[in-house]
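model this:
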Amino acid sequence: MAIARALAGGPRLLLADEPTGNLDTAMARGVMELIEEIHREGATIIMVTHDPELAARAQRNVHIVDGMATGVSEEPRFHPGLRERTAGDLALPRS
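Purely as a prediction, here's the structure:
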């Protein structure tokens, strides 16, 4: 319901804080497809996520550690030093 309210006015900017948190796989996929469609229609999406698979779908990532931006990448899967800064506990997708 919160997503429907946010989209009702055709926003040019959508802020999504953990949009797939606590959702099952099918529902999370549907939410991400909806967000991607909104982006294709011209909206800017700012999404906060701890999920590296979702982050890898973004055009640009800002990596934050302890409240400080530590890097920006146009290629999130290959963000230099990401694994080192997160103590290697992320399973990043490989291409």
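
so how far is T44 from the residue nearest to I64 when sequence neighbours are not counted?
Among residues not flanking I64 along the chain, T70 sits closest, at 6.8 Å (Cβ to Cβ, 6 or more residues apart in numbering). C-beta coordinates here come from the backbone N, C-alpha and C atoms, glycine included. As defined by Cβ to Cβ, to the nearest Å, T70 lies at a distance of 22 Å from T44.

who's more crowded, these two?
Neighbours were tallied for T70 and for T44 using other Cβ atoms under 10 Å; the higher tally belongs to T70 (14 against 11).

correct me, but that one touches N61?
No: counting by Cβ atoms under 8 Å, T70 stays clear of N61, with 10.9 Å between them.

just give me how far the longest helix seen in the chain sits from the chain centre.
In the chain, with assignment by DSSP state H, the single longest helix is helix 25-40. Its chain's C-alpha centre and that of helix 25-40 lie 11 Å apart, by Cα atoms, centre = their mean, to the nearest Å.

I'd like the average pLDDT over that helix.
Throughout helix 25-40, pLDDT has a mean value of 90.

now swap in stretch 43-50 and tell me
Confidence over stretch 43-50, taken as the mean pLDDT, stands at 90.

verify the stated contact: A43 with A16.
No: the pair A43 and A16 does not pass the contact test of Cβ under 8 Å, sitting 10.8 Å apart.

so these two - more neighbours on which side?
Under the criterion of other Cβ under 10 Å, the comparison of A43 against A16 puts A16 first, with 18 against 15.

in a strand, that's where the more buried one is, yeah?
Yes: assigned with DSSP: H, G, I helix; E, B strand; the rest coil, A16 falls within a strand.

shouldn't M32 be in contact with L54?
Yes: between M32 and L54 a contact is recorded at 6.7 Å, counting by Cβ under 8 Å.
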